[in-house]
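Asker: Sequence and computational prediction follow.
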Protein chains: 2
Amino acid sequence: MKKETFFRTQPLSSASQTYSRRHEGAVLWLTGLSGSGKSTLSKALASALIPLGYQCYVLDGDNLREGLNSDLGFTQIDRAENIRRGSEVANLFADAGLICIAAFISPYFEDRLQARGRCCQPFHEIYIAADLTTCEARDPKGLYKKARSGDLLNFTGIGAPYEPPENPQYVINTASEELDTCVGMLVNYVQMNIPLLKKMK
Amino acid sequence: MKKETFFRTQPLSSASQTYSRRHEGAVLWLTGLSGSGKSTLSKALASALIPLGYQCYVLDGDNLREGLNSDLGFTQIDRAENIRRGSEVANLFADAGLICIAAFISPYFEDRLQARGRCCQPFHEIYIAADLTTCEARDPKGLYKKARSGDLLNFTGIGAPYEPPENPQYVINTASEELDTCVGMLVNYVQMNIPLLKKMK
């Protein structure tokens, strides 16, 4: 059954109007296979943006799955709920005026569309487009090995599909570009699309 | 059955070390009856702290129940889950270096203890101690009236208990003090307990 997709147009609360800001809030949604470098890029991007005057926070599997989403597994329903909660929290951070860098495999087109719909601030879908062969060769957490041996079911790319974005705002290929180059491209993207305000509000 | 209470001692992610901060992150947890003034105080407090250089975000029923917690009702189990998720998100905001002003009725001692345990940054329990008679006379959302007529079951103070904090960090009585006085007291509390750092990190 096709899920209902809704799009919020109003901020969640008028409280957001009262915060001191150096730039508008936004969500940078990084999607891609496990091992594509989403978390690494996210943390490097935050570290590069902060000295420029940006306020950022990284949301990823590491800080959500051990806390807010510790009750969720990896079935398709639980993955959808993982993305739902992740995007709701990303929306709150963007509402607070931060750039929320949200790094989630988020393999399903529909879940990402829903995530976008939940966000009142600009939502930038960034496709971290490393190919499966490269990601599997990296295998930083040994998950591909487990998936190939059958110890890990429904693993994206092996036992479950990854649906690439059809029309992302930006694409970064970490298989063909060095980390520093990728970070530089993303910093430029942010500076172009989320400019610093000249005056503090 | 007594729930397991755990206390985190480490930040959720090392990413938090990279953010530019003017003060340490913290959670101000405002607990009290419906109508005690938690949300009003929270928003007024944020508006007062921001010109002083603090970064704040208000989490309350309004922005959680319509988004992240829209799947939850008001049974004791759902209320506990509401508080669990609220405190996990508050912890993320504190991890990001903000003062998260979390305004939740949070009527149960055990749920508040669990909320404190989830927070890696300082957790300040602030009891908004207006008496039931005053809150019921205010009845800003007409909920007490519904609870008295039986249209709203398990409403805190009428059909369900409120367990006052035994040892809160601070108590504000909005029944005996004006709003401006209450905000001033809370601003002083914050300045005493979460001082601005002299140098930007």
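Answerer: That came through, no problem. Note that the coordinates shown come from a computational prediction; the quantities given were computed from them, not determined experimentally. Numbers count the residues shown, from 1 in each chain, chains lettered A, B, ... in the order given.

Asker: Can stretch A:34-44 be said to contact chain B?
Answerer: Yes: Stretch A:34-44 is in contact with chain B by C-beta under 8 Å from any C-beta of the partner chain, via A:Ser42, A:Lys43. Just so you know, the C-beta spots here come from the backbone N, C-alpha and C atoms, and that holds for glycine as well.

Asker: Let's test this: mean pLDDT of that stretch, rounded?
Answerer: The pLDDT scores in stretch A:34-44 average 95.

Asker: go on, stretch A:73-91?
Answerer: On average, stretch A:73-91 scores 92.

Asker: buried residues in that stretch?
Answerer: By neighbour count on 16 or more other C-beta atoms under 10 Å in any protein chain shown, the buried set for stretch A:73-91 is A:79-91.

Asker: What are the contacting residues of that stretch?
Answerer: Stretch A:73-91 has contacts (C-beta atoms under 8 Å, 6 or more residues apart in numbering or on different chains) with A:8, A:12, A:27, A:29, A:59, A:64-65, A:68-69, A:72, A:100, A:102, A:104, A:106-108, A:111-112, A:114-116, A:118-121, A:153-155, A:160, B:67-68, B:85, B:89, B:92.

Asker: ok, of the residues you listed, which come out buried?
Answerer: Buried among these (16+ other C-beta under 10 Å): A:12, A:27, A:29, A:59, A:64-65, A:68-69, A:72, A:100, A:102, A:104, A:106-108, A:111-112, A:114-116, A:118-121, A:155, A:160, B:67-68, B:85, B:89, B:92.

Asker: Just to be sure, A:Arg79 is in a helix?
Answerer: Yes: A:Arg79 sits within a helix when classified using DSSP: H, G, I helix; E, B strand; the rest coil.

Asker: roughly how far apart are it and chain B?
Answerer: 16 Å (C-beta to the nearest C-beta, to the nearest Å).

Asker: what does A:Gly159 give?
Answerer: 27 Å.

Asker: nearest spatial neighbour of that residue, skipping sequence neighbours?
Answerer: A:Leu153 (5.4 Å; C-beta to C-beta, 6 or more residues apart in numbering or on different chains).

Asker: just A:Ala160 next, same as before
Answerer: Using C-beta to C-beta, 6+ apart, the nearest residue to A:Ala160 is A:Asn154, at 4.5 Å.

Asker: quick one: contacts for the one you found?
Answerer: With contact set as C-beta under 8 Å, 6+ apart, A:Asn154 has these partners: A:Phe74, A:Thr75, A:Gln76, A:Ala160.

Asker: The lowest-mean-pLDDT helix or strand in chain A packs against which elements?
Answerer: When each helix and strand of chain A is scored by mean pLDDT, DSSP states H and E, helix A:61-65 comes last, with a mean of 87. Counting by 3 or more C-beta pairs under 8 Å, 6 or more residues apart in numbering or on different chains; DSSP states H and E, the packing neighbours recorded for helix A:61-65 are helix A:76-95.
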